[in-house]
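**Student:** Dropping a prediction and its sequence here:
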Amino acid sequence: MAMRATLSAFATAARAALDLLLPPQCLTCDAPVDVPGRFCPDCFRRASFVTEPCCSRCGVPFAHAGEGGRERLCPACRGNPPPWGRARAALRYDAQSRLVLLPFKYHDRTEYAAALAPLMARAGAVLLHEAEVIVPVPLHRRRLIARRYNQAALLAQALAGLSGKPVVPDALYRTRPTVPLAEMGAAARAETVAGAFALRPGRLGRIAERHVLLVDDVLTSGATCGACTRVLLAAGAAGVDVLVAARVPDPRLQ
Ligand SMILES: [Zn+2]
Ligand SMILES: [Zn+2]
């Protein structure tokens, strides 16, 4: 554990030293860029940003403007609306965005938070503007110790820095570890995360009667963000919106 942390700290320091010597590189390829933490023009073109038209509730991208009717709701939100008010994502979760998201989540590329946050702030400008407090989806304590950082908390902190809004990184916690949701269908995901989150009692005063912006890296079925939203609303939050770096384009196809 200590050895791994030491090696990783060394790797980070070595990378920082290299970054000083070499011109900054594109986030997802070797092309030089003017400013660190940016895409080169080719990768920027390849990135699939989620833009309007999209479902007003869950943010799933629509193929054309008329889709979703006057309320701009996807069939899933019409039939079984999520507990949050609005969800927005910067990018589609695809091969290109995974080049940023996987190293960010699993391989210590914590500096990617500073690159993703401005894209999220743009996609969720209205949500961020109306938010009174920013709260990240938590990791379980055991996973946090193993990974040493919570990627959602890094995004929440970066968004707080951009917007000047307060962040409460430890408002929520996981009551028990959950198995990875990756291979599960929507119903199994919802069952797995039910009751897995709770509000830290000392943070009630920061949440009650506030409009909360819940932040995570990836939105898939919405089970995790849904479970966190229910906890925040039960704690008296005035409302909850969700902002993520990337979302699976259509969770109904999962
Ligand atoms: Zn590139
Ligand atoms: Zn929807």
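**Tutor:** Great, that's in hand. Ligands and ions are numbered 1, 2, ... in the order given.
**Student:** show me what contacts Thr51?
**Tutor:** Pro61 (CB atoms under 8 Å, 6 or more residues apart in numbering). In short, each C-beta sits where N, CA and C put it, glycine included.
**Student:** For the closest residue to Tyr112 other than its chain neighbours, which residues are in contact?
**Tutor:** Nearest residue to Tyr112 in three dimensions, chain neighbours excluded: Phe104, at 4.0 Å (CB to CB, 6 or more residues apart in numbering). If a contact means CB under 8 Å, 6+ apart, then Phe104 has 110, 112-113, 116, 151, 217 as its contacts.
**Student:** Can I get the buried part of these as one PyMOL selection?
**Tutor:** Here is the PyMOL selection string for the buried members of the contacts of Phe104, based on 16 or more other CB atoms under 10 Å:
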select buried, resi 112+113+116+151+217
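**Student:** Quick check: Asp217 is in a strand.
**Tutor:** Yes - when classified by DSSP: H, G, I helix; E, B strand; the rest coil, Asp217 is found to be part of a strand.
**Student:** right, and it touches Val242 too?
**Tutor:** No - here Asp217 lies out of contact with Val242, judged by CB atoms under 8 Å, at a distance of 11.8 Å.
**Student:** List the buried residues for stretch 213-231?
**Tutor:** In stretch 213-231, counting by 16+ other CB under 10 Å, buried: 213-231.
**Student:** restrict those to contacts with ligand 1.
**Tutor:** Among those, proximity to ligand 1 is found for none (CB under 5 Å from the ion).
**Student:** pretty sure Arg72 contacts Glu52?
**Tutor:** No - counting by CB under 8 Å, Arg72 stays clear of Glu52, with 9.0 Å between them.
**Student:** okay, the two: which has more neighbours?
**Tutor:** Taking neighbours as other CB atoms under 10 Å, Arg72 and Glu52 compare with Arg72 leading, 17 against 10.
**Student:** just to revisit the earlier point, just put the contacts of Phe104 in JSON lines and tack on distance to Ala237 and secondary structure.
**Tutor:** Formatted as JSON lines, the contacts of Phe104 follow (distance: CB to CB, whole Å; DSSP: H, G, I helix; E, B strand; the rest coil):
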{"residue": "Thr110", "distance to Ala237": "28", "secondary structure": "coil"}
{"residue": "Tyr112", "distance to Ala237": "28", "secondary structure": "helix"}
{"residue": "Ala113", "distance to Ala237": "24", "secondary structure": "helix"}
{"residue": "Leu116", "distance to Ala237": "24", "secondary structure": "helix"}
{"residue": "Gln151", "distance to Ala237": "23", "secondary structure": "helix"}
{"residue": "Asp217", "distance to Ala237": "21", "secondary structure": "strand"}
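**Student:** ok, now which ones touch Met120?
**Tutor:** 89-90, 155, 159, 215, 243-245.
**Student:** what number of residues lie near Ala234?
**Tutor:** 10.
**Student:** one step back: which pair in the contacts of Met120 has the greatest spatial separation?
**Tutor:** Taking CB to CB as the measure, these span a maximum distance of 13.4 Å, between Ala89 and Leu159.
**Student:** Report the set of residues contacting both of these two.
**Tutor:** Counting by CB under 8 Å, 6+ apart, the contacts common to Ala89 and Leu159 are 120, 243.
**Student:** between these two, which one's more packed in?
**Tutor:** Taking neighbours as other CB under 10 Å, Ala89 and Leu159 compare with Ala89 leading, 29 against 25.
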